[in-house]
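Visitor: Okay, structure incoming, though there's no sequence with it:
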C-alpha cells in the first residue's frame, strides 16, 4: 500500500511539474534556465511549514498571479491600477517593493527585518545575508551580482548561485 502511494505521488509530481514548467515558459515568458534553477524539491519541503494562506501567497507571487492593482484591473475586479497606498503609480510587482509612500516604506522595513531575523534564525551563511542586505536596502530590486563580498573565498560558487537567483528573479522584479 505504501509503495502504491509513493507511485501515485511520483506520477502526480511528474504530471504537474511538466505542466507548470510549460505554463511558466510559454504563458509567463520565464527564461528556461530559471525553471531549471528553481529548487522545486526544496520549495515542496519548505511549503510543508507554511499555512495554507502562506502557501497560496507564495504560489501567487512566484507565478506572477499576485493581486497587484494592475492585475486586479486587468481582471476587471478593480476600477484602477493605481497603488492603493500612494495612489500615484501603477501597482505592479516592482512597485510593491519600490513604493515611496511612508506607510509602504514602513511595511517594507518591517518585512525585511522579519526576513533577516528568519535568515539568522535558520543559520543562513553570512555572505548570503550580506548579499540580501545590499540588494534590499534601497527598496529597489536589482541584480545581486554587485553585492557579492570581495573577500569571499568561494566566489565562483557564490557568483553561480547569485546568477541563478537573478535569472529566476528577473521575471517578477523586472531587473
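Guide: Perfect, thanks for sending it. Fair warning: this is a prediction, and the values are worked out from it, not measured in the lab. Numbers count the residues shown, from 1 in each chain.

Visitor: What is the burial count for residue 161?
Guide: 17 (other CB atoms under 10 Å). C-betas here are computed from N, CA, C, even on glycine.

Visitor: Quick check: which ranges of the chain have low pLDDT?
Guide: 1-5, 61-66, 138-159, 162, 164-175 (pLDDT under 70).

Visitor: Now do the helices in it.
Guide: Using DSSP state H, the helices of the chain run over 2-22, 32-37, 40-47, 52-62, 69-74, 93-98, 102-121, 126-136, 155-173.

Visitor: And the ones you listed: which comes nearest residue 84?
Guide: helix 69-74 (6.3 Å; CB to CB).

Visitor: Not counting that closest one itself, show me its contacts.
Guide: Helix 69-74 has contacts (CB atoms under 8 Å, 6 or more residues apart in numbering) with 65, 78, 79, 80, 81, 82, 83, 84, 90, 91, 92.

Visitor: Who wins on neighbours among the residues you listed?
Guide: Most surrounded of the contacts of helix 69-74: other CB under 10 Å gives residue 91, at 25 neighbours.

Visitor: quick one: it and residue 15, what's the gap?
Guide: Going from residue 91 to residue 15 by CB to CB, to the nearest Å gives 35 Å.

Visitor: same deal with residue 108?
Guide: As judged by CB to CB, residue 108 and residue 15 stand 38 Å apart.

Visitor: between the two, who's got more neighbours?
Guide: residue 108 (16 against 10).
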